[in-house]
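> give me coordinates for this.
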Amino acid sequence: MKRPAILLTGGGTAGHVSVNEALIPVFSEKGYDIHYIGSYEGIEKELISEGYPEVTYHAIQSGKLRRYFSMKNVTDPFRIGAGVMQAFSIIRKIKPEIIFSKGGFVSVPVVLAAKLARVPVVIHESDVTPGLANKLALPFSKHIFTVFEKTLEYVPAGKATCTGAVIRPELFNGVREEGLRYMGLSGEKPVLLIMGGSQGSAVINDAVRNELPAILNRFDVIHLCGKGNIDEELECIPGYTQFEYVTEGLPHLLAAADYAVSRAGSNAIFELLALQKPMLLIPLSAAKSRGDQILNASLFESLGIALVLNEEEIGTRPLLDEFVMLEKEKERLLVNMRKTEQPKIPEDMADMILMYRN
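Have a look, this model is predicted:
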């Protein structure tokens, strides 16, 4: 007997993949034949193809949705059109019961194709305000799930549910001693995990490395610096370990970390919240984004569960001072973190998605 199929999509950054990663084992246990549509070269291809061999990965054309002038804005609509036709062919072939979209520019052709194929789509929005891809997808979707209650103000009434965050359960399985051993650290100094996002961050990377000797006098550092951003000259410095990004060993690194410095993408900060990691958030500036990370960080700061350093403030005072302040504020942040609602488990999220299937 042929197994029912489900189709997942989302990409461009790791944040547009992580919820899908949490859901894949659940749908597999439920007996679904799982398919994923992503781009040819995006991070989603590597994460899904290498991490989940049970999932059939399909690559399609997609254009980037830009808010600024670029000559590619002229050609990308044709790529999106090609992607719609490719996605339509895939959907007609696999006949999924439902499509779950995590957003990102690659999801737009999939949602449009799903409407043509009359397959229901539910989408997921992690930020306070919907991203451009999800704004375009909303009219063609059956329902939208949000992480923040406030997001319901920006989406059609009666078509949205606030579910809270969905956290990959394996992140709770980390062992601190294993993480320290993996990095060659003694654990005598507090461990600072610094994350610039899946695509890295030159601003954060440069600021950390410029002050590295002073920082290492007080902290050991795990630095997730993004693809292509390893500095080989810093490879053998005691107390400093750098990775492009980590997948399999991430739970152990998180368990080893006493503090975290991160961009303010919703998935990352909710994972840090769930793991009770005192965090300093450095949101992408409004000049580099639509401002969603600024809103996320501002909300976490207002709840007393994170400190915030605006990107424009980097360089105006020593970064080490910010890390020391994080250390001093540890107990206050932890008290407030313990008061917050616990994240949704993937099993609950999967059941909610399947409510809208054909």
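> can you report how many residues lie near Asn336?
15 (other Cβ atoms under 10 Å). (C-beta placed from N, C-alpha, C; glycine too.)
> could I get the buried residue list for the helix or strand hosting it?
Following DSSP states H and E, one finds Asn336 within helix 330-338. Neighbour counts over helix 330-338 (16 or more other Cβ atoms under 10 Å) mark Leu333, Met337 as buried.
> what residues does it touch?
Tyr259, Leu273, Gln276, Pro278, Met279, Leu303, Gly304, Ile305, Ala306, Leu307 (Cβ atoms under 8 Å, 6 or more residues apart in numbering).
> which ones among those map onto helices?
Those of the contacts of helix 330-338 mapping onto helices are Leu273, per DSSP state H.
> of all the contacts of helix 330-338, which two lie farthest apart?
Across those, no pair lies farther apart than Tyr259 and Leu303, at 17.9 Å, counting by Cβ to Cβ.
> more neighbours: which of those two?
Taking neighbours as other Cβ under 10 Å, Tyr259 and Leu303 compare with Tyr259 leading, 22 against 14.
> just checking, that one touches Ile194?
No - counting by Cβ atoms under 8 Å, Tyr259 stays clear of Ile194, with 9.3 Å between them.
> list the contacts for Val175?
Val175 neighbours (Cβ under 8 Å, 6+ apart): Pro251, His252, Ala255.
> list the buried residues of stretch 208-218.
In stretch 208-218, counting by 16+ other Cβ under 10 Å, buried: Val208, Arg209, Leu212, Ile215, Leu216.
> please report the distance of the third one from Val111.
For Leu212, the distance to Val111 (Cβ to Cβ, to the nearest Å) stands at 44 Å.
> do the same with the fourth one
Applying Cβ to Cβ, the value for Ile215 to Val111 is 44 Å.
> packing partners for the strand or helix carrying Arg181?
Using DSSP H and E, Arg181 falls within helix 176-183. Helices and strands touching helix 176-183, by 3 or more Cβ pairs under 8 Å, 6 or more residues apart in numbering; DSSP states H and E, are helix 250-256.
> residues making contact with the helix it packs on?
Contacts of helix 250-256 (Cβ under 8 Å, 6+ apart): 170-176, 178-180, 182-183, 185, 187, 191, 193, 222, 246, 271, 275, 277.
> ok, now stretch 81-88?
Residues outside stretch 81-88 that contact it (Cβ under 8 Å, 6+ apart): 37, 58, 60-63, 106, 108-110, 112-114, 116-117.
> likewise for stretch 236-245?
14, 183-185, 189, 198, 200, 212, 216, 219-231, 234-235.
> can you say which of those are buried?
Among the contacts of stretch 236-245, those classed as buried by 16+ other Cβ under 10 Å are 14, 183, 185, 198, 200, 212, 216, 219-226, 229-230.
> in helices, which of those fall?
Among those, the members found in helices (DSSP H) are Met183, Leu212, Leu216.
> contacts only, for the second one.
This points to Leu212. Counted by Cβ under 8 Å, 6+ apart, Leu212 has contacts Val221, Leu234, Ile237, Tyr240.
> go with 10 Å
By Cβ atoms under 10 Å, 6 or more residues apart in numbering, the residues touching Leu212 are Val221, His223, Asp231, Leu234, Ile237, Gly239, Tyr240, Leu319, Leu320.
> what about the residue nearest to the third one when sequence neighbours are not counted, distance to Gln242?
Using Cβ to Cβ, 6 or more residues apart in numbering and skipping the chain neighbours, the partner closest in space to Asp231 is Arg209 (6.4 Å). From Arg209 across to Gln242, the span is 9 Å (Cβ to Cβ).
> find residues that contact each of the two.
Joint contacts of Arg209 and Gln242 (Cβ under 10 Å, 6+ apart) are Val221, His223, Cys225, Asp231, Leu234.
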